[in-house]
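Undergrad: Take this sequence and fold it.
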Amino acid sequence: MQAHQTDFSSGNVYRNIIEVAVPMILAQLLNLLYNVVDRIYIGRIPEVGTTALTGVGLCFPIISLITAFTYLYGNGGAPLCSMERGKGNDKEAEHLMGNAFTLLIGTGIVLTIIGLIFYKPILYLFGASDDTFPYAGSYIRIYLLGTVFVMVSVGMNPFINSQGFGNTGMISVLIGAVLNIILDPMFIFVLNLGVRGAAIATIISQFCSAVWVLVFLTGKRAVLHLKWSCMWLQWKRVLRIISLGVSSFIMAFTNSLVQVVCNATLQVYGGDIYVGVMTVLNSVRDICTLPVMGITNGASPVMSFNYGEGAYEKVRKAIRFLTILCVTYTFAAWGTLRLFPEPFIRIFNHSPELIAKGVPALHIYFFGFCFMALQFTGQSVFLALGKAKKATFFSLLRKAFIVVPLTILLPKIGNLGVDGVFWAEPISNLIGGCASFFTMCATVLPELKHEKA
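TA: Have a look, this model is predicted:
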């Protein structure tokens with residue numbers, strides 16, 4: 001069967017973005033199910049559901065760190081491939097993809113070894129207690145065994161999307177997500193494996209996704225092919241990939257850092273129950289930011305290709321379209337969360353105490369959520385156009401320079417306590433989002449005024 005490919009060089013730029021973005025939104029939704037389905041089922045384990053959910057929540061910083069490396073190479077290499085294709089240089093694009101693959105495999109092996117050796121002290125550092133560690137340790141030991149599968153399935157999928165095969169990229173995620181949904185209840189409840197069953201289901205699902213990605217990229221339908229001859233690392237290519245991908249890495253890495261600081265601070269001011277609340281809020285945030293990520297990831301290859309081709313008017317139209325979609329959606333999402341907070345918490349747990357503490361925390365955490373769209377928009381434009389330094393700076397600014405210090409300081413001000421931890425997020429969205437977006441407008445848009453010959 002012939003895979004549908006979007007031609008970025010022709011047609012309406014809005015249609016091109018939608019053609020790639022819609023399957024990518026669905027793919028993001030399905031990708032989210034890997035973790036969300038685990039949390040939903042784990043939160044419903046009889047008698048120990050809340051404690052088990054809190055324990056698995058402590059593993060998120062480690063999972064985020066692994067994801068950060070997939071972004072480093074995948075989000076760093078894929079826009080470069082699109083730009084090289086726009087220039088008509090498919091050979092260089094294949095070498096970039098091959099180098100990214102080698103980096104993903106090598107890093108996955110190293111992370112597996114380090115994680116299995118040091119997971120216990122790391123989890124206690126991240127806020128584990130003697131009650132939650134057994135669940136956190138059981139989950140992460142097994143999850144780490146599938147690190148290479150995660151690296152390949154998540155890290156190489158952007159190279160499918162960068163070639164215009166949005167539907168194929170969606171299917172690679174669909175395979176793993178559907179398997180995860182089917183296997184989770186079987187391993188958790190039928191085989192009575194608890195959190196270990198959730199981890200086993202996840203790595204089996206990721207393995208199948210990785211196989212699909214590799215079969216496509218080595219097959220006849222792909223425009224760019226994964227070849228042995230392109231996998232030998234070349235320093236200049238590695239440097240280009242890492243230089244552009246480091247901003248995405250920092251965004252994911254600082255997410256991990258923020259989770260660690262939040263969990264440790266909440267453990268001091270509120271105990272295990274508030275670590276559980278933060279686990280749920282992170283899950284709700286993942287759900288609500290998913291369409292924004294799909295839209296920005298869908299627009300990125302379109303902008304990269306046309307920027308490489310010198311079609312600047314199309315790039316400007318893409319930026320305007322991207323901004324309108326993201327701001328409109330996040331404003332609507334904020335309103336929905338404000339009006340109906342409790343159903344979003346009940347997705348993951350029905351504990352009356354967790355719901356009672358979670359609803360006011362959710363109102364604070366998502367206040368001014370629409371400013372998050374500005375961060376995503378500015379960041380995606382910098383990445384798509386290869387503006388590595390600006391992308392890196394604004395990745396660091398919001399999380400490392402704003403959220404982390406506020407998370408530590410605000411609980412001590414005016415007896416805010418745990419509320420101070422939750423206020424750090426909306427404040428960072430306002431400051432970081434505006435700084436990223438308006439800098440993009442001031443520096444990128446003037447460059448796009450004149451078409452290349």
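Undergrad: Which element, helix or strand, includes residue 77?
TA: With secondary structure defined by DSSP states H and E, residue 77 is part of helix 60-86.
Undergrad: Surely residue 291 and residue 329 touch.
TA: Yes: with contact defined as Cβ atoms under 8 Å, residue 291 and residue 329 form a contacting pair (5.5 Å). (C-beta placed from N, C-alpha, C; glycine too.)
Undergrad: what sits up against stretch 206-222?
TA: With contact meaning Cβ atoms under 8 Å, 6 or more residues apart in numbering, stretch 206-222 is reached by 2-3, 34, 97, 146, 148-150, 152-153, 156-157, 159-160, 163, 165, 168, 171-173, 175-176, 179, 224-227.
Undergrad: Pull out the buried members of these.
TA: Neighbour-count burial (16 or more other Cβ atoms under 10 Å) applied to these gives 3, 34, 97, 146, 148-150, 152-153, 156-157, 159-160, 163, 165, 168, 171-173, 175-176, 179, 224-226.
Undergrad: What about these, which are in helices?
TA: 34, 97, 148-150, 152-153, 156-157, 159-160, 168, 171-173, 175-176, 179 (DSSP state H).
Undergrad: Residue 291 and residue 329: which is more packed in?
TA: The neighbour count for residue 291 versus residue 329, taken as other Cβ atoms under 10 Å, is higher for residue 291 (20 against 17).
Undergrad: show me where the stretch 251-400 of the chain has helices.
TA: For the stretch 251-400 of the chain, the helices defined by DSSP state H, counting those that start in this stretch cover 272-309, 312-339, 341-346, 352-365, 371-384, 388-396.
Undergrad: actually the stretch 1-150 of the chain, sorry about that
TA: Under DSSP H, counting those that start in this stretch, the stretch 1-150 of the chain gives helices at 13-42, 49-57, 60-86, 90-125, 133-144, 147-161.
Undergrad: for those helices, which one sits closest to residue 391?
TA: Proximity to residue 391 (Cβ to Cβ) singles out helix 60-86 among the helices of the stretch 1-150 of the chain, at 9.7 Å.
Undergrad: what's the closest one packed up against?
TA: Identification of packing neighbours for helix 60-86 by 3 or more Cβ pairs under 8 Å, 6 or more residues apart in numbering; DSSP states H and E yields helix 90-125, helix 133-144, helix 147-161, helix 235-269, helix 272-309, helix 371-384.
Undergrad: what number of residues lie near residue 299?
TA: 29.
Undergrad: That one against residue 320, yeah?
TA: No: Residue 299 is beyond contact range of residue 320, at 10.7 Å (criterion: Cβ under 8 Å).
Undergrad: Quick check: which ranges of this protein have low pLDDT?
TA: 1-11, 27-28, 30-39, 47-49, 450-453 (pLDDT under 70).
Undergrad: mind redoing it with 50?
TA: Within the chain, the stretches with pLDDT under 50 are 1-2, 453.
Undergrad: Can you give me every residue that contacts residue 264?
TA: Residue 264 neighbours (Cβ under 8 Å, 6+ apart): 125-127.
Undergrad: Residue 418 now?
TA: Residue 418 is in contact with 266, 269-270, 274, 361, 411, counting by Cβ under 8 Å, 6+ apart.
Undergrad: ok, those vs residue 133, which is closest?
TA: Residue 133 has its nearest neighbour among those in residue 266, at 16.4 Å by Cβ to Cβ.
Undergrad: Pull out the buried residues from the contacts of residue 418.
TA: Applying 16+ other Cβ under 10 Å to the contacts of residue 418 flags 266, 270, 274, 361, 411 as buried.
Undergrad: among those residues, which two are most distant?
TA: Most distant of the buried ones among the contacts of residue 418, by Cβ to Cβ, are 361 and 411, 12.9 Å apart.
Undergrad: can you list residues touching both of these two?
TA: In contact with both residue 361 and residue 411: 418-419, using Cβ under 8 Å, 6+ apart.
Undergrad: Among the helices and strands packed on helix 60-86, which comes closest to residue 341?
TA: With respect to residue 341, and counting by Cβ to Cβ, the nearest of these is helix 272-309 at 8.8 Å.
Undergrad: Just the angle for the closest one relative to helix 312-339, thanks.
TA: Calculated by axes from the mean of the first three to the mean of the last three Cα atoms, to 10 degrees, helix 272-309 forms an angle of 160 degrees with helix 312-339.
Undergrad: quick one: buried residues of helix 272-309?
TA: Applying 16+ other Cβ under 10 Å to helix 272-309 flags 272-286, 288-309 as buried.
Undergrad: Repeat that for stretch 424-440.
TA: 424-433, 435-437, 439-440.
Undergrad: In strands only, show me the residues you listed.
TA: Among the buried residues of stretch 424-440, DSSP state E puts none in strands.
Undergrad: which one among those residues gets closest to residue 351?
TA: Among the buried residues of stretch 424-440, and counting by Cβ to Cβ, the member closest to residue 351 is residue 425, at 22.6 Å.
Undergrad: What distance do you get for the closest one to residue 310?
TA: From residue 425 across to residue 310, the span is 39 Å (Cβ to Cβ, to the nearest Å).
Undergrad: What count of nearby residues applies to residue 444?
TA: Here the number of neighbours of residue 444 (other Cβ under 10 Å) works out to 20.
Undergrad: Oops, could you answer that again for residue 247 instead?
TA: 25.
Undergrad: ok, it touching residue 395?
TA: Yes: between residue 247 and residue 395 there is a contact under Cβ under 8 Å: 4.4 Å.
Undergrad: Touching both of the two, which residues are there?
TA: In terms of Cβ under 8 Å, 6+ apart, residue 247 and residue 395 are both contacted by the residues residue 379.
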